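Chemist: I need the structure of the sequence given here:
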Amino acid sequence: MNNRMQAIRVGLFFLLGLALLWVTAQSLSGGRIFREKGYALVARFDNLKGLQKGDDVLMAGVRIGSVAQVRLVDRQAEAVLTIDSLSQIATDAVAMVAQSSLLGTNHLEVTVGSPTAAKLPPGSEIKTRNTTDMNEVIAKLGSLGEHLEQVVTEIGKSLGGGESGSLFTKIDRLVAENGPKLTETVANLQDITAKIRHGEGTIGHLINDTQLHDQLLASVDEIKHAVTDARAVIASAQAFTDQVRSGKGTLGTLLYDDQTAGQIRVAVKNLREVSDKLNSGQGTLGRLMSDDSLFLDAQSTLRKVDRAADGLSDQGPITAVGVAYKSLF
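Modeler: Residues are numbered from 1 along each chain as shown. As a prediction, this is how the structure comes out:
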């Protein structure tokens, strides 16, 4: 009986050990022992940056697979990924090596991609992007420090010294020589700001005098109104110009109507001919203006009429007619 109980206890202990081993294996593998393997993808990089077999593949912080194998193909690093069958990756998704912790452990981060993109088939290659790790950053910082040191050295040499410390010597000497001037400048600035604060000077009045501020605002309003009026005048002038260009109105007709222009040219030509005839003494009006004999005849006739009128005043009607006839003829 004791042997039988002891055998049962040993068997239970053995089963308990197997259960503990299974739980431990499940915990360490993330529950992947009895899971389906999924499908494979290939990711190519210039440098895997320490990515190893068994590292996780994450998308949006969620584990979707693991690195099944790392290898070197045609002088380029490749990582073969095992992706869970339930996780679909878009064709425009991008994989990159990311740092998991400061201890140097890495994982493969995959972007989500667009929802309308097609899904990658098993065995295809996923797009990749190289990232900068901490070692490269430290190396670049060291190179930057060397360049800065070279720049400081060159600046020191350009200022007249062969050593890098000459730059700071020059700066110290510059501050020492111009210290009093800088102090005086600061004092002047303090004096100016004090006057402005107390409303002295033009700027002080502008800042502190509310009445002047209101006047400036009123002036600005007047300027705005003047600009508005000027725009109205310009618009009216533009409308007038457009009307003239279109041949409307008297001025537009004179400038752009060919028929009216021809009539004006004919009238000017006629006036010129008339003036030429008057100047040359042609015609009745021309002879009146240029022939002195007509003027003398008219003057003699008027004198005779004047004498006849004087004779008529002293004689009767019949005699007056005879006198007038004799006077005139």
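Chemist: when you work out contacts or count neighbours from here on, use the C-alpha atoms and nothing else.
Modeler: Noted.
Chemist: mean confidence score for the longest helix along the chain?
Modeler: Identified as the longest helix of the chain according to DSSP state H is helix 210-245. Averaging pLDDT along helix 210-245 gives 81.
Chemist: so which residues of this protein form strands?
Modeler: 39-45, 56-59, 62-73, 76-83, 94-99, 106-110, 125-128 (DSSP state E).
Chemist: for residue 117, phi and psi?
Modeler: phi -70, psi 150 (degrees, to the nearest 10).
Chemist: again but with residue 112, I slipped
Modeler: According to degrees, to the nearest 10, residue 112 has phi -70, psi -40.
Chemist: and it, how far from residue 22?
Modeler: 34 Å (CA to CA, to the nearest Å).
Chemist: what about the two, which has more around it?
Modeler: residue 112 (16 against 13; other CA atoms under 10 Å).
Chemist: hmm, the more buried one is touching residue 95, no?
Modeler: No. Judged on CA atoms under 8 Å, residue 112 makes no contact with residue 95 at a distance of 9.7 Å.
Chemist: thinking again about what came up before, what packs against the longest helix of the chain?
Modeler: If you count contacts as 3 or more CA pairs under 8 Å, 6 or more residues apart in numbering; DSSP states H and E, helix 210-245 packs onto helix 201-208, helix 249-256.
Chemist: lowest-confidence stretch among those?
Modeler: helix 249-256 (a mean of 68).
Chemist: from residue 20, how far off is the nearest residue to residue 84 once chain neighbours are set aside?
Modeler: Residue nearest to residue 84 in three dimensions, not counting chain neighbours: residue 38, with 4.5 Å by CA to CA, 6 or more residues apart in numbering. For residue 38, the distance to residue 20 equals 27 Å [CA to CA].
Chemist: more neighbours, those two?
Modeler: Between residue 38 and residue 20, counted using other CA under 10 Å, residue 38 has the larger neighbour count: 15 against 12.
Chemist: now the more buried one: phi and psi?
Modeler: phi 90, psi -160.
Chemist: which ones are touching it?
Modeler: 82-86 (CA atoms under 8 Å, 6 or more residues apart in numbering).
Chemist: buried only: go through the residues you listed for me.
Modeler: Burial by neighbour count, 16 or more other CA atoms under 10 Å: within the contacts of residue 38 this picks out 82-84.
Chemist: re the thing from before, and the strands of the chain as JSON lines, adding mean pLDDT and distance to residue 196?
Modeler: Listed next are these as JSON lines, based on pLDDT from 0 to 100; distance: least, CA to CA, whole Å:
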{"stretch": "strand 39-45", "mean pLDDT": "92", "distance to residue 196": "66"}
{"stretch": "strand 56-59", "mean pLDDT": "92", "distance to residue 196": "63"}
{"stretch": "strand 62-73", "mean pLDDT": "91", "distance to residue 196": "64"}
{"stretch": "strand 76-83", "mean pLDDT": "92", "distance to residue 196": "71"}
{"stretch": "strand 94-99", "mean pLDDT": "90", "distance to residue 196": "59"}
{"stretch": "strand 106-110", "mean pLDDT": "91", "distance to residue 196": "61"}
{"stretch": "strand 125-128", "mean pLDDT": "92", "distance to residue 196": "63"}
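Chemist: I'd like the ones you listed as JSON lines, with distance to residue 233 appended.
Modeler: Listed next are the strands of the chain as JSON lines, based on distance: least, CA to CA, whole Å:
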{"stretch": "strand 39-45", "distance to residue 233": "72"}
{"stretch": "strand 56-59", "distance to residue 233": "69"}
{"stretch": "strand 62-73", "distance to residue 233": "72"}
{"stretch": "strand 76-83", "distance to residue 233": "77"}
{"stretch": "strand 94-99", "distance to residue 233": "65"}
{"stretch": "strand 106-110", "distance to residue 233": "68"}
{"stretch": "strand 125-128", "distance to residue 233": "67"}
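Chemist: and residue 25, how many residues sit next to it?
Modeler: 14.
Chemist: appreciated, that's everything.
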